[in-house]
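Asks: mind looking at a prediction? Sequence and model below.
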Amino acid sequence: MDAHSRGRADEIDPADQWVLNPQTGNYELRLDHSAGQSPQPSQAPQPSRTDRTPSGGPDSGITGSGTRSGGRRTTPAEAPVPGQRRRPAEPDTADPVPGSGRRVPAQSRRKRKQGASRKKKVLLWTGGTMAFVLVGGAVGAYAIYSKLNGNLGVVDVGTAAKPASIKGPLNILIIGNDVRTGEGNESYGNKDNVTGHADTTFLIHIAEDRTNATAMSIPRDLKIEIPECPTKVGDTTKVIPASVGKVKFNQSFGVEGRDPGCTMRTVTQMSGLPINHFMMVDFNAVKKLSTAVGGVKVCLAKPINDKTYSKLNLPAGEHRVQGEQALAFLRNRHGLGNESDLDRIKQQQQFVASMIRQLKEETLDSPTKLLDVANAATESLTVDKGIGDAMKLTALAKELAKVDLKNITFLTVPVVDNPDEPPTKRATVVLDSVKAPQVFSMIEQDVSFTEVKKKEADAKKAKSQAQAKLLQGPKAPASEVRVDVYNGSGIQGAAQATINWLQNEEGVLRSTNKSNAPEKAAKTTLSYAPNQADQARALAAMMGLQATALKQGTTDAGEREPMTLVLGADFKGAGVPMTAPTKAPDVGQVEADKKVCAQ
């Protein structure tokens, strides 16, 4: 039974096939195997989607399976839902349905009327977002399910896809293929590029508890070693040898016949992270998706007018881009910083983040819009066998939809300039040997980058509050303050000028000039013992020292032992307060909650 005829019993409305399973509480597709099936024409295979292969095999815990045959998707017949009785055949005694050529039993009509409100809910479909691909939608009828399945391209990547539970942590590789096939795409150069490369790549990590997600960009110009890669060609497996030394990351797909599984293996070798699934989109996907959502909001701090390459011409400010203009926005790098791939990645992240927001805020509540998005996404989408049908994609998309937008972090894998290239001709990058492993470890251990930033901010705030308390409490009389003054400011005579001011203006007679500090100091500091806290507070008040300047020791000082004051580069003159002003001058600053354009 092929997917186009599932649930098309002659005397049964397709919507009636979606029934409530009392054991799970979910709506599931029920087939009446005793009913005849109306054959439907097969969908002709798309010429540009020739790399499709059967989609059986492990499904990473996501229900639903299927294979593609002769340009159509075929699905094994389903078993009855446990605990669900099959509806018996009914006599054909009712009035004909206008325009349908079939009759509906009276009992069936009554049942449909009673369950009308439930069926309306069944026919509404929900969805979620999946990073750049943003595949949304759960089928509400067999026709939608069949159409979306017919759109998908499926590749068997073998063991490159690591099995995972749909309820556990997930790593999905989103590959942007720069293949030039398709109307208008030849203008982006390299007309012979018929297979494409891994031009734009995101590793999407979804935390096990679904509280956060990380989208890590991998630069196409990252020099990396590509491992040996078994690749299926028809019914045989070809082993593509590893790269000779380091090559650009974008060669992990397309070059020498490498498939998306090779890109998955490359990322795993680079990061140590298992990749569970891949999704690959091309230029056409960007154009179709951006149009389906009604344009994607982007913002430019500076105008861009690239007449030679991307043909992007946008003034500064906010814009809604779609179709060719959206693709140009993602492809453009000229006029950005160093005109590098790293600069372009920032624009791509802005675009993806904006599209996710729009899907959640403007699309998910509209079944019509959601259908357009799902259709546009799947028409240019290739995936692995584990998520090779619409049901599985829906389950995966809904997992990401659980993550709050504010807890989705976009970042780029830490890199540095390639040291093997001359400084004047550096065009590639390599992994940062210190920071990159830290990022990979955080992802592996399911650590939220959003949460880490919050904890760091909380720790900094707590430290600041504890430091501020050092200024709170009684102050010793000036006559009891003992302090040695060192000059680390770089200003000649600063220590003596301070001593003169302390003794003559403030009455701190027990102050001594100790000449220059061992080395220059960036900040002025006052070191003291716990039993000198009252003296420290008194001196800090006189000089206008900030709480951060106070360095309290752990052991008490002797009765005549002085504190140590080191004047730093922030010293502006004897008697000039060092405390920051309570109100900042107007220098064009913008608060974080106000929308700004970045470029």
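Replies: Okay, I see it. Here the structure is a predicted model, which means the values were calculated and not measured. Numbers count the residues shown, from 1 in each chain.
Asks: list the buried residues of stretch 564-576.
Replies: The neighbour-count check on stretch 564-576 (16 or more other CB atoms under 10 Å) flags 564, 565, 566, 567, 568, 571, 574 as buried. C-betas here are computed from N, CA, C, even on glycine.
Asks: show me this structure divided up by domain.
Replies: Per the record, the chain has its domains at 90-123, 142-295+339-456, 473-567, by automatic domain parsing.
Asks: I'd like the ones you listed as a markdown table, with distance to residue 302 and mean pLDDT appended.
Replies: Shown next, in a markdown table, are the domains of the chain (distance: least, CB to CB, whole Å; pLDDT from 0 to 100):
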| stretch | distance to residue 302 | mean pLDDT |
| --- | --- | --- |
| domain 90-123 | 48 | 41 |
| domain 142-295+339-456 | 12 | 85 |
| domain 473-567 | 34 | 94 |
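Asks: let me know which of the ones you listed is tucked in deepest.
Replies: Highest mean neighbour count of the domains of the chain: domain 142-295+339-456, a mean of 19 (counted as mean count of other CB atoms under 10 Å).
Asks: show me the buried residues of stretch 564-576 that map onto strands.
Replies: Of these, the ones assigned to strands by DSSP state E are 564, 565, 566, 567.
Asks: ok, and the closest non-adjacent residue to the last one?
Replies: Leaving aside its chain neighbours, residue 567 sits nearest to residue 489 (4.4 Å; criterion: CB to CB, 6 or more residues apart in numbering).
Asks: what about the one you found, distance to residue 541?
Replies: For residue 489, the distance to residue 541 equals 21 Å [CB to CB, to the nearest Å].
Asks: ok so, going back, three-state assignment of the residue nearest to residue 567?
Replies: Secondary structure for residue 489, judged by DSSP: H, G, I helix; E, B strand; the rest coil, is coil.
Asks: contacts only, for it.
Replies: Residues counted as contacts of residue 489 (CB atoms under 8 Å, 6 or more residues apart in numbering) are 520, 521, 524, 567, 568, 569, 570, 571.
Asks: mind doing that once more with 10 Å?
Replies: 495, 498, 516-517, 520-522, 524, 566-573 (CB atoms under 10 Å, 6 or more residues apart in numbering).
Asks: before we move on, the earlier item: same list (the ones in strands among the buried residues of stretch 564-576) but as a markdown table, adding distance to residue 209.
Replies: Conversion of these to a markdown table gives the following (distance: CB to CB, whole Å):
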| residue | distance to residue 209 |
| --- | --- |
| 564 | 50 |
| 565 | 51 |
| 566 | 48 |
| 567 | 51 |
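Asks: from these, which two are the most distant?
Replies: Using CB to CB, the two most remote members of those are 564 and 567, lying 11.1 Å apart.
Asks: where do the contact lists of those two overlap?
Replies: Residues touching both residue 564 and residue 567 (CB under 10 Å, 6+ apart) are 485, 486, 517, 525.
Asks: as a markdown table, these with secondary structure would be great.
Replies: Output for the shared contacts of residue 564 and residue 567, formatted as a markdown table (three-state DSSP):
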| residue | secondary structure |
| --- | --- |
| 485 | strand |
| 486 | strand |
| 517 | coil |
| 525 | strand |
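Asks: from the residues you listed, pick the one nearest residue 201.
Replies: When those are ranked by distance to residue 201 (CB to CB), residue 525 comes first, at 47.3 Å.
Asks: bridging residues for the closest one?
Replies: In this structure, residue 525 bridges to residue 566 when assessed by DSSP bridges.
Asks: contact partners for it?
Replies: By CB under 10 Å, 6+ apart, the contact list for residue 525 reads 486, 488, 517, 545, 548-551, 564-568.
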